[in-house]
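**Student:** Show me the folded form of this:
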Amino acid sequence: MKLIPRVLLAFLIMVRAASAQETMNWDQCVNTAVLNNPDLTASRESARSYDAKRRGSNSGYLPQVTASGGATYNHNSGGQQSMESSSLASSATSFGTNSSLHQYTAGVTLSQTLYDGGLTPGNVAQTGANYRAQVAALAVEKSLLSYDLKSAFAQLLYAQELVTLTSQIVDRRRSDANLIRLKYEGGRENKGAYLLAESDYKKAVLDLHNAERNVLVSEHQLAQIMGIKRVHPIVASGELVTRMASASPDFDKLATETPTHFQQVSNTEAARAGITIARSGFLPSVTTNVSADRDYPDTSSWSTGITVSVPIFDGGKSYFNVKAADASLRQSLANLQSSDDLSVYTLVQTHSTLLGDIEAVSVNQATVDAQNVRSEIGKGQYSDGLISFTDFNLIENDLVTAQKQQLQSRRDAMIAEANWEYAQGKGAIP
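**Tutor:** Sure thing, here's the model as predicted:
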């Protein structure tokens, strides 16, 4: 009967441990990052800010309406006059030699710019281009976040699998050490072989401890990119797999489809609009206005007019503004060419790396399969005394190295895929 409470207690401990960890698949990580990543939030808000500026620039096409009002208080007493202003309504009164008057004024003015030398169209074009550049920058930020997130997710999957692999290596090294110890105690092996086997076992245990610590680091890395705090252990659910990439994509075409390209194009459009703005300093401006005023209780009036302003000399300001705008346009065009050239190179490089890493996965898997067979045969031969400890130890070391390389190659291929997507300006972030 005493066994039942112990079994129940063990079960409760297991349930509590399971509930204290957070298992997340790739889609859950993406959704969490979309909601919580601070860099993505900042980029979104920046795009909204530029959108508001773009909308506000259209105000130059619309009339401007202002209203004004005032109140004046006049008081005469014994030949001396004082004046005070007030916002309260009253009427004129007089008593003997004293008199007072409250007077109120109100007015409305409407002004409309008919022509400003292209300043308003230039501002509208420039703010629109700046907004499009920021939208492209948001796309770049999304692709960067996708790369960081997939890399961290792959790293956590790798760290988790490495713990499992190193545990298996510890078991293998322990078994090998026990076999060699028995042969040493039986006088069929030397002490150096026994001590080296014990050393290999201790190194395997150290690798296991390092792998366990690396899991914690990888969990915090993934949590930081998702924009959350690691409250409970995070378990990544998924596999280190990579899709096959196209063998020969059109890199020049892909370079012109990246968000970086559109960002540089928008910067060029903004610089071109800057020339229009700068040239407006040489041109006249035409403004019309209508105003209506009312003085209570006596009079009312209205007026309308048109104003033409022609710049004569501003000390060379407009001239040098145009020079600076021209230089900014040439700079933007050069930046566009440089950006596209760099994108082509980056696309070629990341695509080549991806193809190599995908191929390495299959090659390393074949090596692991071969080394497993070789290890089984070698262990039997060593037990029967057909091969030396040196040969047996070499076989075991080759197997361990092949297993670690195969796992690492799967992680590297997944990160290379993320880097290829980032080079194209794509990713999992919507």
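**Student:** remind me which residues of the protein are low pLDDT?
**Tutor:** Low-confidence segments of the chain, defined by pLDDT under 70, are located at 1-20, 75-101, 297.
**Student:** Show me what residue 304 is bridged to.
**Tutor:** Residue 304 forms beta bridges with residue 290, as assigned by DSSP bridges.
**Student:** That one contacts residue 292, doesn't it?
**Tutor:** No. Between residue 304 and residue 292 there is no contact under Cβ atoms under 8 Å: 9.5 Å. Placement of C-beta: from N, CA and C, glycine included.
**Student:** who has more neighbours, these two?
**Tutor:** Between residue 304 and residue 292, counting by other Cβ atoms under 10 Å, residue 292 is the more crowded of the two (14 against 10).
**Student:** residues contacting the more buried one?
**Tutor:** Residues in contact with residue 292 (Cβ atoms under 8 Å, 6 or more residues apart in numbering) are 107-108, 300-302.
**Student:** Pretty sure residue 36 sits against residue 226.
**Tutor:** Yes. At 5.9 Å, residue 36 and residue 226 qualify as touching, with contact defined as Cβ under 8 Å.
**Student:** So for these two, which sits in the more crowded spot?
**Tutor:** A direct count of neighbours by other Cβ under 10 Å for residue 36 and residue 226 places residue 226 higher, at 26 against 15.
**Student:** how far away is the more buried one from residue 167?
**Tutor:** Between residue 226 and residue 167 the distance, using Cβ to Cβ, to the nearest Å, works out to 28 Å.
**Student:** Output the contacting helices and strands for whichever strand or helix holds residue 160.
**Tutor:** Here residue 160 is covered by helix 119-185, with elements defined by DSSP states H and E. Of the remaining helices and strands, those touching helix 119-185 by 3 or more Cβ pairs under 8 Å, 6 or more residues apart in numbering; DSSP states H and E are helix 26-36, helix 38-56, helix 191-226, strand 234-237, helix 259-279, helix 317-383, helix 389-424.
**Student:** so how far is the longest one off the chain centroid?
**Tutor:** Read it as helix 317-383. The offset between the C-alpha centroid of helix 317-383 and the centroid of the whole chain comes to 19 Å, using Cα atoms, centre = their mean, to the nearest Å.
**Student:** What of the first one?
**Tutor:** Computed by Cα atoms, centre = their mean, the chain-centroid distance of helix 26-36 equals 13 Å.
**Student:** and if you look at the fifth one?
**Tutor:** A distance of 23 Å separates the C-alpha centroid of helix 259-279 from that of its chain, computed with Cα atoms, centre = their mean.
**Student:** Mind listing what's buried along stretch 167-187?
**Tutor:** Neighbour-count burial for stretch 167-187, with 16 or more other Cβ atoms under 10 Å as criterion, is recorded at 167, 169-170, 172-174, 176-177, 179-180, 183-184.
**Student:** same question, stretch 418-430
**Tutor:** Of all the residues in stretch 418-430, those buried under the rule 16+ other Cβ under 10 Å are 418-429.
**Student:** got it, and stretch 351-363?
**Tutor:** Taking 16+ other Cβ under 10 Å as the neighbour-count basis, stretch 351-363 is seen to contain the buried residues 351, 353-355, 357-358, 360-361.
**Student:** What residues does residue 184 make contact with?
**Tutor:** Applying Cβ under 8 Å, 6+ apart, we find residue 184 in contact with 190-191, 193-194.
**Student:** what do you get for residue 327?
**Tutor:** Applying Cβ under 8 Å, 6+ apart to residue 327 gives no contacts.
**Student:** same question, residue 106
**Tutor:** The neighbours of residue 106, taking Cβ under 8 Å, 6+ apart as the test, are 67-70, 293-294, 296.
**Student:** from these, which ones fall inside strands?
**Tutor:** Secondary structure assignment (DSSP state E) places 67-70, 293-294, 296 from the contacts of residue 106 within strands.
**Student:** Which of the residues you listed sits closest to residue 270?
**Tutor:** Closest approach between the ones in strands among the contacts of residue 106 and residue 270, by Cβ to Cβ: residue 67, at 35.9 Å.
**Student:** what comes up buried for stretch 104-123?
**Tutor:** 104, 107, 113, 116-123.
**Student:** what's next to stretch 363-374, contact-wise?
**Tutor:** Stretch 363-374 is contacted by residues 395, 398-399, 402-403, 405-406, 409 when judged by Cβ under 8 Å, 6+ apart.
**Student:** no, scratch that, I was asking about stretch 43-50
**Tutor:** With contact meaning Cβ under 8 Å, 6+ apart, stretch 43-50 is reached by 127, 130-131, 133-135, 137-138, 141-142.
**Student:** Go again with 6 Å.
**Tutor:** Defining contact as Cβ atoms under 6 Å, 6 or more residues apart in numbering, one finds that stretch 43-50 is touched by 130-131, 134-135, 138, 141.
**Student:** and if you look at stretch 151-164?
**Tutor:** Counting by Cβ under 6 Å, 6+ apart, stretch 151-164 makes contact with 29, 211-212, 214-215, 218, 221-222, 225, 236, 238, 240, 407, 411, 414-415, 418, all of which sit outside it.
**Student:** Okay, buried residues for that stretch please.
**Tutor:** Going through stretch 151-164 with 16+ other Cβ under 10 Å, the ones that come out buried are 151-163.
**Student:** Kindly format the C-alpha coordinates of that stretch as PDB.
**Tutor:** Once non-C-alpha atoms are left out, stretch 151-164 reads as follows in PDB (Å, rounded to 0.1, in the frame of the first residue of the first chain):
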ATOM      1  CA  SER A 151      18.400  31.100 -37.000                       C
ATOM      2  CA  ALA A 152      17.600  31.100 -33.300                       C
ATOM      3  CA  PHE A 153      14.900  28.400 -33.700                       C
ATOM      4  CA  ALA A 154      17.400  26.200 -35.600                       C
ATOM      5  CA  GLN A 155      20.000  26.800 -32.900                       C
ATOM      6  CA  LEU A 156      17.600  25.700 -30.200                       C
ATOM      7  CA  LEU A 157      16.600  22.600 -32.200                       C
ATOM      8  CA  TYR A 158      20.200  21.900 -32.700                       C
ATOM      9  CA  ALA A 159      21.000  22.400 -29.000                       C
ATOM     10  CA  GLN A 160      18.200  20.000 -28.000                       C
ATOM     11  CA  GLU A 161      19.300  17.300 -30.400                       C
ATOM     12  CA  LEU A 162      22.900  17.800 -29.300                       C
ATOM     13  CA  VAL A 163      21.900  16.900 -25.700                       C
ATOM     14  CA  THR A 164      20.300  13.700 -27.000                       C
END
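**Student:** Much appreciated, bye for now.
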